[in-house]
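Undergrad: Provided below for reference: sequence and predicted model.
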Amino acid sequence: MEDCLFCKIANGEIGSDIVYENEKVIAFKDISPKAPVHILVIPKKHISSIMEIGRLNSEELSELMKAISNIAIQFELLTDGFRVVTNTGEGAGQTVDHLHFHILGKRQFGWPPG
Ligand code: AMP
Ligand code: ZN
């Protein structure tokens, strides 16, 4: 989608530190990490948030979920645990309107989140 930062990252127009990629999904390091490991996982297809999840086909959806567990293995997050977050809407802190899952690891996390 025109003028979408994460579409531009997905098509290579804007550089990023890519850690995982296949035909449907790409994952890259967050530019402003909130934990020692902070990865963003996105579908290459533009959808604005989880509220449009119905626009992904079953392959896109399963690749997105599998990417999260593969990255957790890749970064050895299982021993200490990790967190997966998708901020939805301004009030929850969503700043980029292209669905993304934050994977955060390698530090302690409070519950409930702030
Ligand atoms: P959210 O605020 O939940 O919408 O998450 C958007 C995330 O994108 C933030 O954690 C930002 O630090 C991150 N971000 C913004 N621009 C870039 C970029 N060019 N490369 C990597 N991450 C980015
Ligand atoms: Zn987009």
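TA: Sure thing, it's come through. Ligands and ions are numbered 1, 2, ... in the order given.
Undergrad: what's the distance between Glu52 and His98?
TA: Separation of Glu52 from His98 (C-beta to C-beta, to the nearest Å) stands at 10 Å. C-beta: built from backbone N, CA, C; applies to glycine.
Undergrad: Among the two, which residue is more densely surrounded?
TA: His98 (22 against 12; other C-beta atoms under 10 Å).
Undergrad: Show the contacting residues for that one.
TA: Met1, Cys4, Leu5, Phe6, Cys7, Ile42, His46, Ile47, Ser48 (C-beta atoms under 8 Å, 6 or more residues apart in numbering).
Undergrad: Which of these are buried, as a PyMOL select command?
TA: Buried subset of these, written as a PyMOL selection, criterion 16 or more other C-beta atoms under 10 Å:
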select buried, resi 6+7+42+46+47
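Undergrad: Pick the one among the contacts of His98 closest to Glu59.
TA: Set against Glu59, the nearest of the contacts of His98 by C-beta to C-beta is Ile47 (14.4 Å).
Undergrad: which residues does that closest one contact?
TA: Ile47 touches Ile53, Arg55, Leu56, His98, Leu99, counting by C-beta under 8 Å, 6+ apart.
Undergrad: Buried subset of those residues, written for PyMOL?
TA: Selection command for PyMOL covering only the buried members of these, criterion 16+ other C-beta under 10 Å:
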select buried, resi 56+98+99
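Undergrad: Of the contacts of Ile47, which are in range of ligand 1?
TA: Taking C-beta under 6 Å from any ligand atom as the test, ligand 1 is in contact with none of those.
Undergrad: now, which of the contacts of Ile47 sits nearest Leu77?
TA: Distances from Leu77 to the contacts of Ile47, taken by C-beta to C-beta, are shortest for Leu99, at 21.0 Å.
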